[in-house]
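Visitor: Sequence first, predicted model second:
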Amino acid sequence: MPSLSLDTSDIDLSVVIPTLNGREQLADSLDALAEHAPTAEVIVVNGPSADGTSGMVQNRTDVDVLVEVAERTLNVARNAGIIEATGEAIAILQHDLTIESTWVDAITAGLSRAAVVTGPVHQMLSAGMTTTACEQTDIGGRTVTYFNGGNVAFTTATLENIDGFDEYLETGGARDAAHRLAAVSERVAWEPEMCVQTEYETDGGIEQRDTDWKYRSLAYRLVKNYGIRPTVVRRTLTHIGSDATKAARDILADKRTLSTCLSVERDAAIGAVAGFITGLRARFADRSTTRNPHGCSARANRVVSRHDWR
């Protein structure tokens, strides 16, 4: 199918920022947007925070839309913001990331040659700075380019084509979207100048990281996108085996107890089985290349309140 990249050099950009209990980091992120992307439409999706985030956003003049949602799931927040956006390009920005001066120009350059663009995260640590790199893998005859879900921009047509993010997933939503982009032959461009910074660990903000969901998500997105095939089973078992090896080393080093490690492996197995089952159901529920039965078009209305200052 034809690429959904943009031809224009002057992009009408919307920026969606999902947030949860990150008031101070969000304020810094909004300050950077006001400085380096003053013409962008800014949409904050909050929910449900208990640290005064809503009041802080309402007192600013540089936010166009504030959406309060009842769910803590990151993909719900992403989709709620996508639905509100009016730009021809939509960026997703993590609330504890601050853009650099080259960010908007890099998005423009990337979207002129691909439907999606992502870039590096510079994480400031006490020992110095670390930087993420482009990551690709081949699976099921596709080359999948992963992107950071907190620093990515899409053409609006592309997000409509894949129906946003899969709201079933509590973690791994960006990885799932990367597989679905590969299925519709859309490229993900890497722009080194699409830089963002953080002093915090960039783990997806409000995504959960427990063992059950780690493997539930992995198995779900692989089965949903590729079906039951040896590659899918092998990849899942390889991940479980790698964690089991690390757990054994931790036991030998007295960093973990045997009962703790067995509990983790049990959760991994339960999560993987649940992921296989729900992945098969999702694959049959949406047999199109979109593979997104829980996307924007199918979402329930989880918006508690909405403030639109456009």
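Guide: Structure's in. What do you need? Numbers count the residues shown, from 1 in each chain.
Visitor: What are the contacting residues of stretch 142-150?
Guide: Identification of contacts with stretch 142-150 by C-beta atoms under 8 Å, 6 or more residues apart in numbering yields 74, 78, 92-94, 97, 116, 118-119, 121, 132, 134-138, 173-175, 177-179, 181-183, 187-188, 190, 196, 202, 204-205. No exception for glycine: its C-beta is placed from N, CA and C like everyone else's.
Visitor: Derive a PyMOL selection command for the buried subset of those residues.
Guide: A single PyMOL command selects the buried members of the contacts of stretch 142-150 (16 or more other C-beta atoms under 10 Å):
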select buried, resi 74+78+92+93+94+97+116+118+119+121+173+174+175+177+178+179+181+182+183+187+188+190+196+202+204+205
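Visitor: Need the three-state assignment for K255.
Guide: Look at K255: counting by DSSP: H, G, I helix; E, B strand; the rest coil, its state is coil.
Visitor: count of residues packed around it?
Guide: Counted by other C-beta atoms under 10 Å, the residues lying close to K255 total 12.
Visitor: mind checking the longest helix of this structure?
Guide: helix 258-285 (DSSP state H).
Visitor: Pull out the buried positions in it.
Guide: Applying 16+ other C-beta under 10 Å to helix 258-285 flags 261, 264, 267-268, 271-272, 274-276, 278-280, 282-283 as buried.
Visitor: Quickly note the distance from the spatially most central residue of the chain to Q58.
Guide: For the chain, the residue nearest the mean C-alpha position is G149 (2.9 Å; C-alpha atoms, centre = their mean). Relative to Q58, G149 is positioned 26 Å away (C-beta to C-beta, to the nearest Å).
Visitor: Same check on V76?
Guide: 21 Å.
Visitor: More neighbours: which of the two?
Guide: Per other C-beta under 10 Å, whichever of V76 and Q58 has more neighbours is V76, with 25 against 12.
Visitor: next helix or strand past the helix or strand where the more buried one lies?
Guide: For V76, the enclosing helix or strand under DSSP states H and E is helix 74-84. Downstream of helix 74-84, the first helix or strand assigned by DSSP H and E is strand 89-93.
Visitor: Can you name every helix or strand that that following strand contacts?
Guide: Applying 3 or more C-beta pairs under 8 Å, 6 or more residues apart in numbering; DSSP states H and E, we find strand 89-93 packed against strand 13-19, helix 74-84, helix 103-111, strand 151-155, helix 156-162.
Visitor: For D62, which of those is the nearest?
Guide: strand 13-19 (10.7 Å; C-beta to C-beta).
Visitor: tilt between that closest one and helix 103-111?
Guide: Put simply, strand 13-19 runs at 110 degrees to helix 103-111, going by axes from the mean of the first three to the mean of the last three C-alpha atoms, to 10 degrees.
Visitor: strand partners of strand 13-19, parallel vs antiparallel please.
Guide: Using DSSP bridges, strand 13-19 pairs in its sheet with strand 41-46 (parallel), strand 89-93 (parallel).
Visitor: got a list of contacts for the helix or strand just after the shortest one?
Guide: In other words, strand 89-93. Scanning forward in sequence from strand 89-93 by DSSP H and E, the next helix or strand is strand 98-99. Strand 98-99 is contacted by residues 28-29, 31-33, 36-37, 93, 195-198 when judged by C-beta under 8 Å, 6+ apart.
Visitor: again, only this time at 6 Å
Guide: Residues outside strand 98-99 that contact it (C-beta atoms under 6 Å, 6 or more residues apart in numbering) are 28-29, 32, 36, 196-197.
Visitor: just these: which has the poorest pLDDT?
Guide: Least confident of the contacts of strand 98-99 in the model: Q197, at 93.
Visitor: Okay, buried residues for stretch 302-310 please.
Guide: 302-303.
Visitor: Would you double-check that T236 falls in a helix?
Guide: Yes: under three-state DSSP, T236 sits within a helix.
Visitor: Give the full set of residues in contact with it.
Guide: With C-beta under 6 Å, 6+ apart, T236 has these contacts: 219, 272.
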